[in-house]
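# predicted model and sequence below, questions to follow.
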Amino acid sequence: MSSSISPLRRRLLQVLGLTAASWGLMPGWARAQSAGDKAPEVLRIGYQKSAVNLVILKQQGVLEKRFPNSKVSWIEFPAGPQLLEALSVGSLEFGLTGDSPPVFAQAAGKDLLYVGAEPPKPDSSAILVPKDSPLRSLADLKGRKVALQKGSSAHYLLVQAVAKAGLQWTDIQPIYLTPADARAAFERKSVDAWAIWDPFYAATELAVQPRVLATGRNLSSNNSFYLASRPFVSQHPAALAVIFEELTRADRLAQDNRREAIKLIADFSGLDAGVVSLFLQRRPKSPVGPLTAQTVADQQRVADAFHKLGLIPRLVTVADIVWRPDAQRLAQATRP
């Protein structure tokens, strides 16, 4: 790692160093940092097309520059459940998912930690129906086939939509499909509706012109979470400081230089620039920070809803796997 440390990173390192010392994870951590903290030998990052900040870092090669002695690998996943399975078995160190995948992973006994979060994005997911569909309200989903990725953020969106309509989960027919398979089924009209997130939502909106039955607004906060393996968190808190700093910088680029961000994301994903532009318009400023008490409470509601419906095998306490650096100081340090 470079011996030059930015003021932002220095503040982050101070906070993380205090946290590591308080947990007894890294004796003498501050002394080690002053001499040059050892970077991870391997950093495998799981991401999806919707992970704007991570995609920008990948395209710019930022982490490869910040960790010149590390082997940085990027592995793309179609959705969060597959990503967290890889994280839990030791195939990744770090990744980003929506709200539901960590709940399913925790309920299944997977060993991972929430380490950071982005602000809510309620407009970035939706329940779609064909433009000529007779369905006009959420109550019209009764008896209908609805495509979704099981255990994804769209799963919770649909759970909330069904409840808001005064229906029972058993009143609908969930059809569990990956986003690619779900779009094919949607276009064939072999399903009646589809719960999905950006950029799949934006791509379908422009190509197929479906009707939006509901977005996440007033249904789901649609939070995004960064998760990491426990060994990585305990052994490399300084690396997390660097990653948080760069993710927040990437978000500033996405907000302040939209044209460059669109090109970076389109070049990576193969998506049309118009699709990328549309889903970035729906995306609020998304700096990375620690989980707040409100975010943890939102996530607990996700877990409780899935447990109430019997969709996860046991009740989980989200706070049990939340990494807890000094939240106030870290929030100040990561403020864009």
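Yes, it's here.

# tell me how far the closest residue to residue 111 other than its chain neighbours lies from residue 295.
Using CB to CB, 6 or more residues apart in numbering and skipping the chain neighbours, the partner closest in space to residue 111 is residue 230 (5.7 Å). C-betas here are computed from N, CA, C, even on glycine. According to CB to CB, to the nearest Å, residue 230 and residue 295 sit 20 Å apart.

# neighbour count: those two, which is higher?
Taking neighbours as other CB atoms under 10 Å, residue 230 and residue 295 compare with residue 295 leading, 22 against 12.

# tell me the mean pLDDT over the helix ranked longest in the chain?
Longest helix of the chain, by residue count under DSSP state H: helix 237-256. Across helix 237-256, the average pLDDT comes to 95.

# for whichever strand or helix holds residue 84, buried residues please.
Following DSSP states H and E, one finds residue 84 within helix 80-88. Buried residues in helix 80-88, counting neighbours by 16 or more other CB atoms under 10 Å, are found at 80-85, 87-88.

# the nearest residue to residue 232 once chain neighbours are set aside: what's it in contact with?
Distances taken as CB to CB, 6+ apart place residue 93 nearest to residue 232, at 4.2 Å, with adjacent residues excluded. Counting by CB atoms under 8 Å, 6 or more residues apart in numbering, residue 93 makes contact with 40, 42-45, 87, 228-229, 232.

# ok, so of those residues, who is nearest residue 142?
Checking these against residue 142 by CB to CB gives residue 87 as the nearest, at 36.8 Å.

# mind checking the SS state of the residue nearest to residue 248 when sequence neighbours are not counted?
Nearest residue to residue 248, sequence neighbours excluded (CB to CB, 6+ apart): residue 287, at 4.3 Å. Following DSSP: H, G, I helix; E, B strand; the rest coil, we place residue 287 in the coil state.

# I'd assumed residue 246 was in contact with residue 287.
No: using CB atoms under 8 Å, residue 287 is not in contact with residue 246; the gap is 11.4 Å.

# circling back: which parts of the longest helix of the chain are buried?
For helix 237-256, by 16+ other CB under 10 Å, it's 237-251, 253-255.

# mind giving me the packing neighbours of that helix?
Judged by 3 or more CB pairs under 8 Å, 6 or more residues apart in numbering; DSSP states H and E, helix 237-256 is in contact with helix 7-23, helix 52-60, helix 62-66, strand 113-118, helix 230-235, helix 258-269, helix 327-334.

# what about the closest residue to residue 224 other than its chain neighbours, neighbour count?
Closest residue to residue 224 apart from its sequence neighbours, by CB to CB, 6+ apart: residue 118 at 4.2 Å. Residues near residue 118, counting by other CB under 10 Å, number 25.
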